[in-house]
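Student: just coords:
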């Protein structure tokens, strides 16, 4: 056991050194290539964690007593429009948000904290090279100015889930907890921040709910935001679909299945009624190369069980993109859907 632990520690250290060499040399392409070649989601996730740690625990800057730490707050936004509208992607009062976070203890020992006024999209953060984040953290220049705001176009009569990010930077002692740590208790500051954001983003004829998530390091933010966005969208789907199916035909059958197609892999949740074949709704959960399939299936099952869905079935094998009927989603009476999972 001790030999295994020592080997794991040595492997993690080797990954960290490998990541630091490439970050220092601006060799981001080599990092991307290595991530693509990883044999499993766990291996890819481990390599990406090493890259993130190499930036967050920058050894070259450790000689200084204080340092710059970059972070991002993922913000899940649920919107519904009574008519088409556009929700701004620019914060008019980022200082008021910073003051609220400071008042409720989220910023800890960090000083000179700056927040970008741009609510940026996940694609903007995905496009940032890891070596650029390392460079920004050494320049002491505040949150990156290259990030553009991304507005939200609201469609009439349909609830939508989006994720945006508030990016920031703060100077703090290297031996003090980071903002990621001091703001991990969302219960202390989540509601005040949500209220401020809903005031800032208020738009005529639009119902908007802001759901802030705990901050993460800048490189980790796209994945954290993606996960929060999909989970919020799934909650919305389950709530609406159960209400409609139960009102129309009683208790539904829910089927969880994994699919592989030309566009990649995904988990699907099909909800139908044995009493009305026309009632069939579905949700598609696209998989990222770092995703843990078992964790996602557990999250799905936990919510469905909490909503008292008794007829829950999990297909144990990977299915093709479309069924033989051409449908994307499964009905409870389809061949191969099995029996209840519990």
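Tutor: That came through, no problem. As the structure is a prediction and not an experimental result, all values here were calculated from the model. Numbers count the residues shown, from 1 in each chain.
Student: a helix runs through residue 288, doesn't it?
Tutor: No: the assignment for residue 288, made by DSSP: H, G, I helix; E, B strand; the rest coil, is coil rather than a helix.
Student: got the contact list for it?
Tutor: 223, 226 (Cβ atoms under 8 Å, 6 or more residues apart in numbering). (Each C-beta comes from the backbone N, C-alpha and C, glycine too.)
Student: which of the residues in the longest helix along the chain are buried?
Tutor: Ranked by number of residues, the top helix in the chain under DSSP state H is helix 221-249. By neighbour count with 16 or more other Cβ atoms under 10 Å, helix 221-249 contains the buried residues 221-234, 236-238, 241-242, 245.
Student: stretch 133-153 now?
Tutor: 133-134, 136-137, 142-144, 147, 149-150, 152.
Student: ok, of those residues, which one's closest to residue 30?
Tutor: residue 134 (14.6 Å; Cβ to Cβ).
Student: surely the closest one is in a helix?
Tutor: Yes: assessed with three-state DSSP, residue 134 lies in a helix.
Student: report pLDDT for it.
Tutor: You'll see residue 134 listed with a pLDDT of 91.
Student: same check on residue 60?
Tutor: 57.
Student: host element of residue 48?
Tutor: Counting by DSSP states H and E, the element that carries residue 48 is helix 41-56.
Student: now that helix and helix 221-249, what's the angle there?
Tutor: Interaxial angle of helix 41-56 relative to helix 221-249 (axes from the mean of the first three to the mean of the last three Cα atoms, to 10 degrees): 130 degrees.
Student: next SSE downstream of helix 41-56?
Tutor: Next in sequence after helix 41-56, counting helices and strands by DSSP H and E, comes strand 66-81.
Student: tell me which strands and helices the helix or strand just after that next one is in contact with?
Tutor: Counting by DSSP H and E, the next helix or strand C-terminal to strand 66-81 is strand 85-87. On a contact count with 3 or more Cβ pairs under 8 Å, 6 or more residues apart in numbering; DSSP states H and E, strand 85-87 meets strand 152-154, strand 206-212.
Student: as a markdown table, those with distance to residue 316 and mean pLDDT would be great.
Tutor: Listed next are the helices and strands packed on strand 85-87 as a markdown table, based on distance: least, Cβ to Cβ, whole Å; pLDDT from 0 to 100:
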| stretch | distance to residue 316 | mean pLDDT |
| --- | --- | --- |
| strand 152-154 | 39 | 95 |
| strand 206-212 | 33 | 96 |
